[in-house]
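Visitor: mind folding the following:
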Amino acid sequence: MAKNENNSSSKKVDSKTSVVNLSLNIIIFFLASLTIYLGYSIIIKLNDKPKIVEEVENLKNQPAEIIQVEVLNGCGISGVADRFTDFLRNKNVDVVNIGNYSSFDIEETFVIDRVGNKANAFKVADLLGITRKSNSITQLNEDLFLDVTIVIGKDYYKLNPLK
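Guide: Here you go, the predicted structure:
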């Protein structure tokens, strides 16, 4: 009879042990699955960042719908900046400032990119008939609320506004 009691208590211990083992295995499986899921999520997030940066760079290289421009007279001929302004406004360019450049001895007209988006400067240069590469520069200035500055040189009569 003592054997039967021993046998039944051993079966109770075995059944308790197998329930505990089953519970622990389920918890281990759940935690392993969670770890794999979180690891996969982190990898996906890390791989998506370059795409976002690339998309921002692509957008940065697109000309803006409305380009804000400053027109400066660098040749000293009166009224030239006004003619360029009228031409640009007819082409839907927002001219926000007209004035004189620091000197009147500029030989060739050039455009200055003020926000780091060369596409805006190239679009304005194309409208005016200015050579893109040699007459487009970048001078970032966050204090100015404009995209492009145009400095009119002594070659103004060769450009589209006066043709």
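
Visitor: any weak-confidence spans in this structure?
Guide: Within the chain, the ranges that satisfy pLDDT under 70 run 1-13, 48-62.

Visitor: all helices of it, in order?
Guide: Using DSSP state H, the helices of the chain run over residues 2-60, 80-90, 118-128.

Visitor: contact partners of the last one?
Guide: The reference is to helix 118-128. Applying CB atoms under 8 Å, 6 or more residues apart in numbering, the contact partners of helix 118-128 are 61-64, 67, 69, 84, 87-88, 91, 93, 109, 111-113, 130-132, 135-136, 138, 147-148, 150, 159-161. All C-beta atoms are positioned from the backbone trio N, CA, C, and that covers glycine.

Visitor: quick one, domains of this protein?
Guide: 1-60, 68-162 (automatic domain parsing).

Visitor: got the ones you listed as JSON lines, with mean neighbour count columns?
Guide: Shown next, in JSON lines, are the domains of the chain (neighbours: other CB atoms under 10 Å):
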{"stretch": "domain 1-60", "mean neighbour count": "10"}
{"stretch": "domain 68-162", "mean neighbour count": "17"}
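
Visitor: contact partners for residue 63?
Guide: Listed by CB under 8 Å, 6+ apart, the contact partners of residue 63 are 117, 119, 120, 122, 123.
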